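Q: What shape does this take:
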Amino acid sequence: MSRLIDFIKRSLLTLLPKELQSFVPKEFQAWLQRTEDSTEEKSMVGSLPQGSASPSLVAKDAIPKMSGESYNSLFSTPLPTPKIFVDHRIWEIIKHSLPEDYVLLNPVIKAIFEPMSGDSYNSLFSTSLSTPDVFVDDRVWKHIKNSLPENYVLPNPVTKEIFGPMRGDFYNSLFSTPLSTPDVFVDDRVWKHIKNSLPENYVLPNPVTKEMFEPMRADSYNSLFSTLFSTPNMFVDDRVWKHIKNSLPENYVLPNPVIKEMFKPMSGDFYNSLFSTPLSTPEVFVDHEVWESIKASLPPDYVIPNPVMRDVH
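A: Numbering: from 1, shown residues only. The predicted structure follows:
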């Protein structure tokens, strides 16, 4: 048996998952065994024609045979591969060592896997999804399919009809900004009662309530701050904040620029030049009168820790 057929046999029976090996017909296994016993193994090198050219030299008339498409007859579903080239000496040996009309995928294997395809059971579902790479145990699924009533589909139309009014989206008309929630289900007996008891065209949040809360939004007072932060979910007592806003000078902002200027020399960062490894500490303030005295009394280029002390250590 050529190395390729030996490899195919071993792949089918060794690489095939154990749970699927029981599906391989005994006739097919026997065919593989008979083929192995009746054919002597040949060396790939010994099979090369005598006087063949060196692997580094390619004859001009061999170029068409190097096209991947020259060997499309080995495959049940040929794919055009004009830019793929192969070593025709090896592929010719492979081709001539195979049984006549041999193709990949092997029809026997295809026939085994056909009823195991997940797509074979798409008729059971109202919304079919193609899953060509999914395989199932057809012994189990055939039993399921045969035990179901005729024209049975999942989800069951009766069940869908029951759950229809229980879908959260069924009550979207109650909200001014509806959000689709197809996977949320509610007790329709409660929600129907709620919906029927509300005034016509009632929505949540109620426009009257929205209008009442609008001036209470914290963002309405952002003009009072030099650094604006949007806080759409924060509400304040507008009666208090309106009074504050109206009592302040025009163009007043927090923090006050005058106070910012006053605190600037008191910032810890103002004295970072004294340290070999400065750390930003914008929220730390120091007594600048003390630190200015310290800074002025130090030698030029003095830093902490002192390099001399570091070298001694």
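Q: What is the least confident helix or strand in the protein?
A: Between all helices and strands in the chain, the lowest mean by mean pLDDT, DSSP states H and E belongs to helix 18-21, at a mean of 52.
Q: gap between stretch 250-269 and the chain center?
A: 48 Å (CA atoms, centre = their mean, to the nearest Å).
Q: What's the mean pLDDT across it?
A: For stretch 250-269, mean pLDDT is 84.
Q: Identify each buried residue in that stretch, please.
A: 267, 268 (16 or more other CB atoms under 10 Å). Every residue, glycine included, has its C-beta placed from N, CA and C.
Q: Okay, now that stretch: how far is its last residue from its first?
A: 32 Å (CA to CA, to the nearest Å).
Q: Phi, psi for residue 165 please.
A: phi -70, psi -10 (degrees, to the nearest 10).
Q: Thought residue 190 was touching it, still the case?
A: No - here residue 165 lies out of contact with residue 190, judged by CB atoms under 8 Å, at a distance of 11.6 Å.
Q: Point out where the stretch 201-313 of the chain drops to low pLDDT.
A: Filtered on pLDDT under 70, the stretch 201-313 of the chain yields the residue ranges 311-313.
Q: Any idea how far stretch 145-163 is from the middle of the chain?
A: With CA atoms, centre = their mean, you get 32 Å for stretch 145-163.
Q: Using CSV, write out the CA atom coordinates for that stretch.
A: Coordinates of each C-alpha in stretch 145-163 appear next as CSV, following Å, rounded to 0.1, in the frame of the first residue of the first chain:
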residue,chain,number,x,y,z
LYS,A,145,-38.1,13.6,15.1
ASN,A,146,-40.2,10.4,14.7
SER,A,147,-41.8,10.8,18.1
LEU,A,148,-43.0,14.4,17.5
PRO,A,149,-46.4,15.2,16.0
GLU,A,150,-46.5,16.0,12.3
ASN,A,151,-45.5,19.6,11.4
TYR,A,152,-44.2,20.2,14.9
VAL,A,153,-41.8,23.1,15.1
LEU,A,154,-39.8,24.9,17.8
PRO,A,155,-40.7,27.2,19.3
ASN,A,156,-44.2,25.8,19.3
PRO,A,157,-46.7,28.4,17.8
VAL,A,158,-49.1,27.8,20.7
THR,A,159,-46.3,28.6,23.2
LYS,A,160,-45.3,31.7,21.1
GLU,A,161,-48.9,32.9,21.2
ILE,A,162,-49.0,32.5,25.0
PHE,A,163,-45.7,34.3,25.5
